[in-house]
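Asks: any chance you can model this:
(chains A and B)
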2 protein chains.
Amino acid sequence: MTIKHGGNIYEVAKKYGISEGEIIDFSANINPLGIPNKLKATIISNIEALKNYPDPDYKDLVTAIAKYNNIDEDFVIPGNGATEIIFKIVEAIKPKKSLLLAPTFLEYERALKNVQSDVIYYLLNESNGFNIDKNDLLEKLEDDIDLVVLCNPNNPTGQIIEKDTLVEILIECKNKGISLMIDEAFIEFVDKEEEHSLIRCLADFDNLFIIRALTKFFAIPGLRIGYGLLSNKNIKKRIINKKEPWTINGFAAICGDVLFEDYEYIKKSKEFFRVERENMYSELKKLRGLKVFKPHANYIFFKVLEENIDLKDRLICRKILIRKCDNYVNLSNSFYRVAIKDKESNAELIKAIREVLYED
Amino acid sequence: MTIKHGGNIYEVAKKYGISEGEIIDFSANINPLGIPNKLKATIISNIEALKNYPDPDYKDLVTAIAKYNNIDEDFVIPGNGATEIIFKIVEAIKPKKSLLLAPTFLEYERALKNVQSDVIYYLLNESNGFNIDKNDLLEKLEDDIDLVVLCNPNNPTGQIIEKDTLVEILIECKNKGISLMIDEAFIEFVDKEEEHSLIRCLADFDNLFIIRALTKFFAIPGLRIGYGLLSNKNIKKRIINKKEPWTINGFAAICGDVLFEDYEYIKKSKEFFRVERENMYSELKKLRGLKVFKPHANYIFFKVLEENIDLKDRLICRKILIRKCDNYVNLSNSFYRVAIKDKESNAELIKAIREVLYED
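Replies: Below is the predicted model of the structure:
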């Protein structure tokens, strides 16, 4: 792969000669409550499912996604993780010119480069806490832009865009014939997610394309399951015409209900993050050498003020892996992203950062 | 999905009001020995693997594939089933004009249409047992062709191309600047596969692209795992640059060794097909109403001579599903493909066909 993401503990383990199991991985934003037990039980009792081709239309999965989101089944395209959907929507829209946040998740730009799209950036400012400035962004929406990509909450900054703002952007896009792809892969971690998701706008806006993932919230990056939501029938048809068959494996195909109806897991996770996000944020804020940006999802973005400290290198010797954000557009090598993990690991991370900053 | 393949028992079950479990599915060519027990045990004991992102470079899987095939690791690209690799190789080559067998597996043409390739057909003749005529094919290799796609053994006809012939085609392609993609998804079912595979030509021919699957031989269509083999560094680079990350799930990522080193399963499977293929072939040949083509893989292709019989419809009432081949180019609706399943099921199929042909 050409792009470095978080979560590649394999490479790190090899590079530093540490076994993977010893590393506490804060570089991937995965729910520390772990794989839901009901999913594990489902996989084990359905292991024979592997001997059949999955349903090429993934009807059960589509039904489960539609029910969970309370939307029309026709709006759903299930995918091999969110990334397949990102690539396929971009391929179907084939934008000549696209507007991206900077910094933001790296695969949007890769998908856009695949279709030779020109990419312009809306630069997020540190001074504004990496939040967008609505009027400023609206001014950037020129007629020759074909696609705007937003990520809400944004990865890696953790900042959220208010719904009123989003709706204004969506309307302006619609008026100017611009498609809006919004990645809500982390929306389920946000308090009152329904107040932030654009999902209820789908029926009225055929220029809206929403990306969702099960990866992070249900702690299953290895299962590869995500989905796209759209009401635009032409684009959907184009995606289906071009899509490879059976990109979703047989376990992922049958696990929709099991995950979406695991209300206990969902409730427990939301409650955990509501509390632990505040805890960890306030603990990190206490560290004088850091500038911490208010988190809204399951990860925290911060800057190390002392320029000579490579926090990633310093922590890896303590067998802690964090995400250094130096390969994002518009970020210097002083920025880092850490996942919110279990309380014990989080305390260990904070202790280790404190030691690096104050005691080394 | 826009193309009908075998193996879609979901749709059939729904259409005919039969539960999926009741149908004996001869439409998907899956090894009846079933999922290897060692794989099941590996998945169950590694269920926690799902909570990590797979290694984006899939190094363990690549190593296992290279070892199994006794080739350079650099030649290997692992994929989400063979289909991902077919699509990605075609995308990277971007042929303007391509030559396909007719009939052959349907996804090649879909992948080619995705890149707007002109497609011309080498029509296989019933009178020649759907075998290629070497000289005739060599004549068709005009300079303006960019890509030739072969499938060996061919799906759905089950016919095999001799290695001498293949090498002659490969050399002629090389001389004329034509890429040759050859799908060996069923090669492991062939007696003396090493006498038919082009794998040993890889190092010397950078115009050769081999497709392999684990799906059929290891009975795991639901796991989604296949691979491409190539020595062409430019094409490989192009594929890797364009490839979505993590298309292979976490279980598939760790199962290479387990499957490739399950020598008992491999031996037992090869022995089973060597014997049962001959049995079933000779039983089918006894049925006067059929013209049966000599099988070389794990499926048998035949024609129903009486034009008014729709054998698929007649068998589905007996809860047997076979592959009607009427959506292949160059095949009428009298052609069918059946998988070689366990002895008992095969006997049931033959009994049912006999009843339909003679007693109805």
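Asks: what is the least confident helix or strand in chain A?
Replies: When each helix and strand of chain A is scored by mean pLDDT, DSSP states H and E, helix A:9-16 comes last, with a mean of 86.
Asks: toward the C-terminus, what is the element adjacent to that one?
Replies: strand A:24-25 (DSSP states H and E).
Asks: ok, residues contacting the least confident helix or strand of chain A?
Replies: Contacts of helix A:9-16 with the rest of the structure, by Cβ atoms under 8 Å, 6 or more residues apart in numbering or on different chains, involve A:18-20, A:23, A:25, A:27-28, A:316-317, A:321, B:52, B:55, B:57, B:59. Yep, even glycine has a C-beta here, placed from its N, CA and C like the rest.
Asks: between those residues, which is closest to residue A:35?
Replies: Taking Cβ to Cβ as the measure, residue A:35 lies nearest residue B:52 of the contacts of helix A:9-16, at 10.3 Å.
Asks: one step back: counting neighbours, which of the contacts of helix A:9-16 end up buried?
Replies: A:18, A:23, A:25, A:27-28, A:316, A:321, B:52, B:55 (16 or more other Cβ atoms under 10 Å in any protein chain shown).
Asks: that older thread, want to try JSON lines for the contacts of helix A:9-16, with pLDDT as columns?
Replies: Formatted as JSON lines, those follow (pLDDT from 0 to 100):
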{"residue": "A:18", "pLDDT": "88"}
{"residue": "A:19", "pLDDT": "87"}
{"residue": "A:20", "pLDDT": "84"}
{"residue": "A:23", "pLDDT": "93"}
{"residue": "A:25", "pLDDT": "95"}
{"residue": "A:27", "pLDDT": "95"}
{"residue": "A:28", "pLDDT": "93"}
{"residue": "A:316", "pLDDT": "93"}
{"residue": "A:317", "pLDDT": "90"}
{"residue": "A:321", "pLDDT": "96"}
{"residue": "B:52", "pLDDT": "92"}
{"residue": "B:55", "pLDDT": "92"}
{"residue": "B:57", "pLDDT": "93"}
{"residue": "B:59", "pLDDT": "95"}
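Asks: phi, psi for the most centrally placed residue in chain A please.
Replies: For chain A, the residue nearest the mean C-alpha position is residue A:185 (4.0 Å; Cα atoms, centre = their mean). The phi and psi torsions at residue A:185 (degrees, to the nearest 10) take the values phi -60, psi -30.
Asks: for it, which non-adjacent residue is spatially closest?
Replies: Nearest residue to residue A:185, sequence neighbours excluded (Cβ to Cβ, 6 or more residues apart in numbering or on different chains): residue A:213, at 4.0 Å.
Asks: who's in contact with the one you found?
Replies: So residue A:213 contacts A:81-82, A:185, A:225-226 (Cβ under 8 Å, 6+ apart).
Asks: kindly report the same for residue A:137.
Replies: Neighbour list for residue A:137: A:122, A:169 [criterion: Cβ under 8 Å, 6+ apart].
Asks: what mean pLDDT would you report for the helix or strand hosting it?
Replies: Taking DSSP H and E as the definition, residue A:137 sits inside helix A:134-140. For helix A:134-140, mean pLDDT rounds to 96.
Asks: report the backbone C-alpha coordinates of the very next helix or strand once past that helix in CSV.
Replies: Remark: after helix A:134-140, the chain's next helix or strand is strand A:147-151, criterion DSSP H and E. Taking Å, rounded to 0.1, in the frame of the first residue of the first chain, the C-alpha atoms of strand A:147-151 are listed here in CSV:
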residue,chain,number,x,y,z
LEU,A,147,-17.7,16.9,-5.6
VAL,A,148,-17.2,18.1,-2.0
VAL,A,149,-16.0,15.5,0.5
LEU,A,150,-16.6,16.1,4.2
CYS,A,151,-15.9,13.8,7.1
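Asks: list the buried residues in the helix or strand following strand A:147-151.
Replies: Later in the chain than strand A:147-151, the nearest helix or strand by DSSP H and E is helix A:163-175. Neighbour counts over helix A:163-175 (16+ other Cβ under 10 Å) mark A:163, A:165-166, A:169-174 as buried.
Asks: returning to that earlier point: residues contacting the residue nearest to the centre of chain A?
Replies: Residue A:185 neighbours (Cβ under 8 Å, 6+ apart): A:82, A:105, A:151, A:155, A:211-213, A:215-216, A:226.
Asks: among these, which are in strands?
Replies: A:151, A:211-213, A:226 (DSSP state E).
Asks: CSV for the contacts of helix A:9-16, including distance to residue B:246?
Replies: What follows is the contacts of helix A:9-16, written out as CSV (distance: Cβ to Cβ, whole Å):
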residue, distance to residue B:246
A:18, 23
A:19, 22
A:20, 17
A:23, 19
A:25, 16
A:27, 15
A:28, 11
A:316, 23
A:317, 28
A:321, 18
B:52, 11
B:55, 9
B:57, 11
B:59, 14
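Asks: low-scoring pLDDT stretches of chain A, where are they?
Replies: A:1-2, A:360 (pLDDT under 70).
Asks: picking up where we left off before, tell me the one of the contacts of residue A:185 nearest chain B?
Replies: Here the nearest of the contacts of residue A:185 to chain B, counting by Cβ to the nearest Cβ, is residue A:215; it sits at 8.3 Å.
Asks: does that closest one touch residue A:221 like I think?
Replies: Yes - applying Cβ atoms under 8 Å, one finds residue A:215 in contact with residue A:221, separated by 4.7 Å.
Asks: which residues are common contacts for those two?
Replies: With Cβ under 8 Å, 6+ apart as the test, residue A:215 and residue A:221 both reach A:30, A:81.
Asks: just the element for residue A:86, please.
Replies: For residue A:86, the host element (DSSP H and E) is helix A:81-93.
Asks: which is the next helix or strand following that helix?
Replies: strand A:97-102.
Asks: strand partners of that next one, parallel vs antiparallel please.
Replies: Strand pairing for strand A:97-102, using DSSP bridges, gives strand A:118-123 (parallel), strand A:147-151 (parallel).
Asks: reformat those as JSON lines; add distance to residue B:266 and mean neighbour count.
Replies: Below are the strands paired with strand A:97-102 laid out as JSON lines (distance: least, Cβ to Cβ, whole Å; neighbours: other Cβ atoms under 10 Å in any protein chain shown):
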{"stretch": "strand A:118-123", "distance to residue B:266": "48", "mean neighbour count": "16"}
{"stretch": "strand A:147-151", "distance to residue B:266": "46", "mean neighbour count": "25"}
